[in-house]
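1. Dropping the sequence and predicted coords here.
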There are 2 protein chains.
Amino acid sequence: MTNFTFYNPTKLIVGKGKIKEIGKEISTSGFNNILLIAGKGSIKENGVYEQVINSLKENKINHVEIWEVQPNPTLTKADEAIQLAKENKVDAILAVGGGSVIDTAKSVAAGYFLKSAWDAYEGKEIKQALPIFTVLTLSATGSEMNSGAVLTNEKEQKKWSMTSSKLFPLVSIIDPEIQMSLPWKQTAHGAADAISHVLEYYFIGTNQETTLALDESLIRSIITVTDKLQVNGKDYGSRESLAWAATLALNGISKACISKGEWSPHRIEHGLSALFPEIAHGAGLAVIFPAWIKYVCKKNPSTFERWAKNVWECNEIEEAVEKMKSKYKSWGLPISLSELKIENKDLENIAEKIMEKGSFGVLKSLNKEDVLEILRLAY
Amino acid sequence: MTNFTFYNPTKLIVGKGKIKEIGKEISTSGFNNILLIAGKGSIKENGVYEQVINSLKENKINHVEIWEVQPNPTLTKADEAIQLAKENKVDAILAVGGGSVIDTAKSVAAGYFLKSAWDAYEGKEIKQALPIFTVLTLSATGSEMNSGAVLTNEKEQKKWSMTSSKLFPLVSIIDPEIQMSLPWKQTAHGAADAISHVLEYYFIGTNQETTLALDESLIRSIITVTDKLQVNGKDYGSRESLAWAATLALNGISKACISKGEWSPHRIEHGLSALFPEIAHGAGLAVIFPAWIKYVCKKNPSTFERWAKNVWECNEIEEAVEKMKSKYKSWGLPISLSELKIENKDLENIAEKIMEKGSFGVLKSLNKEDVLEILRLAY
């Protein structure tokens, strides 16, 4: 039982053909000079860019563009975008892409009023931020309907997160049809990411019946529709369900009555991908989460047992972990660090990186030895 | 698959001892002269009134009060409240009570800028409304976190509903501890009401996996915690879970990806309690819903079968309906019109009243004969 506040003012628009409404949403909110942030160019292939630009034109919205945001988005790119935003005196930001593009938009929105985007990650108070609009093209991080972001400081090899109530997008648009053309791997990474978000809250729950049951339903749904998408990536209903579940996984619903969340598996994964940026976030989580469960499940056994039973139809936690790994494996995800080309000799170095901000963990406070043990379990 | 927009800007604060924050919430939102709307006085017995008044004083907020809002709240009371609001030039409204008090607040908030509150129910455009704050004392209607309201026009014996995006409460506070002292009957009515809200969306769903699974989890949770509260009304965790589930049942989450909802059982119940205002809404729904399910389930069999299986562990819809009725009966709710002292000769009259706005229904368009058949099934 934890007192909680649910507040999420983002207007989320979901549906076929909805992207063309972005210009009107920006315009009726009172903005007409924006910075468009995008990734490596897939939005030019799937028609999203064209729809967005036409909508901006129709609504007489000026814009400048910055491209090449990477997965595991970087501080260098965010600071470059802030520079461009200042030069053009933009009044709002439009992110068109996946979670890394939206997280960059949040970094820019906050960093615009600070010296560097990194200040926001080092705890500087975010007193104001540019308004954010998003067109989401890959459901995974939930960033389209929350106030958090993650950024990698490449020079310092740090991948940190931050949150501020000023950073909820005003409007986010999801057209599930766009995601029909995603490579399977990205769909699977997104599903593993969304499941992980739910679990970061779920496992520290005790008797919050409504939230625990809702979280179980989210995880089961994600598994059901991801299985369907593996067979037919163009199943619109499953695309829509996966998109909505990924949003719900991290928009405040999945954590109501619980608390701020565990976040140890994410912390471990962030340390890992800070050192090995080629590891996709969802893939890293698929490897780390089962190992973390094995290591800490004794700390809140009734909830882990409930998860085993209600999600995996198992009586034993150990058995459920194996089923989870099998499911991830069947989706083509890695389930061991060795599959990620991590070598045994790297573990020490990774653990050091993870411990940079000190020990962490809710169910169990993890020190370097604990982290090494989890990494060995994941090896 | 229906395109949808999720937008719900209400800030919901849930927890022990949270009521005393209401003054600060009103004050920091920029208001200092409010109309407090309340019911028959139970808030003076359970300490809620005192907490609210102290909080208003501490935050230097002036207020006038209007009391005696009834279950099935009336137009007369709403128009009286509008008069008082105008005389005192209030800048906001604070509802302290259950759904009928909050619905009255919404009627006043909209009606303040119209000739009468009823204008809003007759379809007049709501261009502006007074800001609404609420302290909820009975979880049932979900009105604390949505933009809809129901009002009874006693003279015309009409119980109608309306909705407007201007009517989301700015802030709603729920202290589940307050509900520990509720009479059992009110808890049971609230549970039946919340279940009905979920079902009004669920049953018209088809392949919206995430929402259907989430809705099933809400219904199962409501049953689980209501059973626990029947044994021990002071179980805080169950109070909290029931409160949160009742909010989720009608704040937009339960209907995402589906549509505007079926609402035939509610329409029938509203006609019933317009003629017999002593019938509690939750009790009326407990009687009507199973009969409606029997009458229309063939129109969307796969979802009704899914409900039978996932909520009631039954292979047959018919069997699930019986289980639903048994559950309601075990909670002390009526499951037939005869228990509500309705006589056979009244049915014709009730059907006439229900048909006032013409035929209705999504799964099946219901005319007077259909409604009579459902009433007979419920008899």
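-> Thanks, I have the structure now. Numbering: from 1, shown residues only, chains lettered A, B, ... in the order given.
2. so where do the helices sit in the stretch 101-250 of chain A?
-> Counting by DSSP state H, counting those that start in this stretch, one finds helices in the stretch 101-250 of chain A at the ranges A:117-121, A:184-202, A:209-231, A:236-248.
3. out of those, deepest packed?
-> Across the helices of the stretch 101-250 of chain A, averaging neighbours per residue (mean count of other CB atoms under 10 Å in any protein chain shown) puts helix A:236-248 on top, at a mean of 26. (Glycine included, C-beta is placed from N, CA and C.)
4. Check the average confidence over the helix or strand following that one, would you?
-> Downstream of helix A:236-248, the next assigned helix or strand under DSSP states H and E is helix A:264-275. The pLDDT scores in helix A:264-275 average 93.
5. So which elements touch helix A:264-275?
-> Judged by 3 or more CB pairs under 8 Å, 6 or more residues apart in numbering or on different chains; DSSP states H and E, helix A:264-275 is in contact with strand A:148-153, strand A:158-163, helix A:184-202, helix A:281-296, helix A:347-354, helix A:368-378.
6. So which elements touch the fifth one?
-> Other elements packing on helix A:347-354 under the criterion 3+ CB pairs under 8 Å, 6+ apart are helix A:264-275, helix A:368-378.
7. Pull out the buried residues from that helix.
-> A:L347, A:I350, A:A351, A:K353, A:I354 (16 or more other CB atoms under 10 Å in any protein chain shown).
8. Skipping its backbone neighbours, what lies nearest the first one in space?
-> Nearest residue to A:L347 in three dimensions, chain neighbours excluded: A:L375, at 4.8 Å (CB to CB, 6 or more residues apart in numbering or on different chains).
9. Give the burial count for the one you found, as a bare number.
-> Here the count is done by other CB atoms under 10 Å in any protein chain shown, and A:L375 has 24 residues near it.
10. ok, it - contacts?
-> Counting by CB atoms under 8 Å, 6 or more residues apart in numbering or on different chains, A:L375 touches A:I268, A:A291, A:L337, A:L347, A:I350, A:A351.
11. helix/strand/coil for A:I279?
-> State at A:I279, reduced to three classes by DSSP: H, G, I helix; E, B strand; the rest coil: coil.
12. looking at the helices and strands packed on helix A:347-354, which is buried most?
-> Stretch with highest mean neighbour count among these: helix A:264-275 (a mean of 24; mean count of other CB under 10 Å).
13. Using CSV, write out the CA atom coordinates for that one.
-> Taking Å, rounded to 0.1, in the frame of the first residue of the first chain, the C-alpha atoms of helix A:264-275 are listed here in CSV:
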residue,chain,number,x,y,z
SER,A,264,17.5,-2.9,-11.0
PRO,A,265,17.3,-4.9,-14.2
HIS,A,266,17.2,-1.7,-16.2
ARG,A,267,20.1,-0.2,-14.2
ILE,A,268,22.1,-3.3,-15.0
GLU,A,269,21.1,-3.2,-18.7
HIS,A,270,22.0,0.5,-19.0
GLY,A,271,25.5,-0.2,-17.6
LEU,A,272,25.8,-3.0,-20.1
SER,A,273,24.8,-1.0,-23.1
ALA,A,274,26.7,2.1,-22.0
LEU,A,275,29.8,-0.1,-22.6
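14. Low-confidence stretches in chain A?
-> A:1 (pLDDT under 70).
15. rerun at 80
-> Applying pLDDT under 80 to chain A picks out residues A:1, A:259.
16. residue closest to the middle of it?
-> For chain A, A:T141 is the residue whose C-alpha lies nearest the centre (CA atoms, centre = their mean; 2.1 Å).
17. Could you pull up the residues touching it?
-> A:G98, A:G99, A:S100, A:I102, A:D103, A:D193, A:A246, A:L250, A:H281.
18. With distance to B:L214 added, can I get those in JSON lines?
-> Formatted as JSON lines, those follow (distance: CB to CB, whole Å):
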{"residue": "A:G98", "distance to B:L214": "24"}
{"residue": "A:G99", "distance to B:L214": "22"}
{"residue": "A:S100", "distance to B:L214": "27"}
{"residue": "A:I102", "distance to B:L214": "24"}
{"residue": "A:D103", "distance to B:L214": "26"}
{"residue": "A:D193", "distance to B:L214": "19"}
{"residue": "A:A246", "distance to B:L214": "13"}
{"residue": "A:L250", "distance to B:L214": "15"}
{"residue": "A:H281", "distance to B:L214": "25"}
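19. so which of those comes closest to B:L75?
-> Closest approach to B:L75 among the contacts of A:T141 (CB to CB): A:L250, at 43.1 Å.
20. Was I right to think the closest one contacts A:G142?
-> Yes: when contacts are counted by CB atoms under 8 Å, A:L250 is listed as touching A:G142 (2.9 Å).
21. Need the overlap of contacts for those two.
-> A:A194, A:H197.
22. What's the local residue count around A:G358?
-> Neighbourhood size, A:G358 [other CB under 10 Å]: 7.
23. cool, and A:S326?
-> By other CB under 10 Å, 12 other residues sit near A:S326.
24. Specify the local secondary structure of it.
-> The three-state label given to A:S326 by three-state DSSP is helix.
25. List the contacts of stretch A:352-362.
-> Identification of contacts with stretch A:352-362 by CB under 8 Å, 6+ apart yields A:157-158, A:160, A:204, A:259, A:261-264, A:267-268, A:270-272, A:274-275, A:296, A:365-368, A:370-371.
26. Export that stretch to CSV, keeping only CA atoms.
-> The C-alpha trace of stretch A:352-362 is given here as CSV (Å, rounded to 0.1, in the frame of the first residue of the first chain):
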residue,chain,number,x,y,z
GLU,A,352,32.2,-1.5,-12.3
LYS,A,353,30.2,0.6,-14.8
ILE,A,354,26.9,-0.5,-13.3
MET,A,355,28.0,0.5,-9.8
GLU,A,356,29.0,4.0,-10.9
LYS,A,357,26.1,5.7,-9.1
GLY,A,358,26.5,3.4,-6.0
SER,A,359,24.5,0.4,-4.8
PHE,A,360,20.8,0.1,-5.8
GLY,A,361,17.7,-2.0,-5.7
VAL,A,362,14.4,-2.2,-3.8
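27. how about the residues of the stretch 201-350 of chain A near chain B?
-> Contact residues, the stretch 201-350 of chain A versus chain B (CB under 8 Å from any CB of the partner chain): A:207-211, A:213-214, A:216-218, A:220-222, A:224-225, A:236-238, A:240-242, A:244-245, A:248, A:253, A:256-257.
28. at 10 Å what do you get?
-> Proximity of the stretch 201-350 of chain A to chain B (CB under 10 Å from any CB of the partner chain) is limited to residues A:206-222, A:224-225, A:228, A:235-248, A:251-253, A:256-257, A:310.
29. again with the stretch 51-200 of chain A
-> Those residues of the stretch 51-200 of chain A that sit near chain B, judged by CB under 10 Å from any CB, are A:M145, A:F168, A:V171, A:S172, A:I173, A:D175, A:P176.
30. residues contacting the third one?
-> For A:V171, the residues meeting the contact criterion (CB atoms under 10 Å, 6 or more residues apart in numbering or on different chains) are A:10-13, A:21-22, A:24-26, A:28-29, A:94, A:131-135, A:144, B:5, B:7.
31. And for A:K57?
-> Residues in contact with A:K57 (CB under 10 Å, 6+ apart) are A:G23, A:H63.
32. Please repeat the previous calculation with a cut-off of 8 Å.
-> Contacts of A:K57 by CB under 8 Å, 6+ apart are A:G23.
33. Quickly note the distance from it to B:L212.
-> 40 Å (CB to CB, to the nearest Å).
34. can you tell me which residues contact A:G190?
-> Residues in contact with A:G190 (CB under 8 Å, 6+ apart) are A:L138, A:S139, A:A140, A:L242, A:A246, A:G282.
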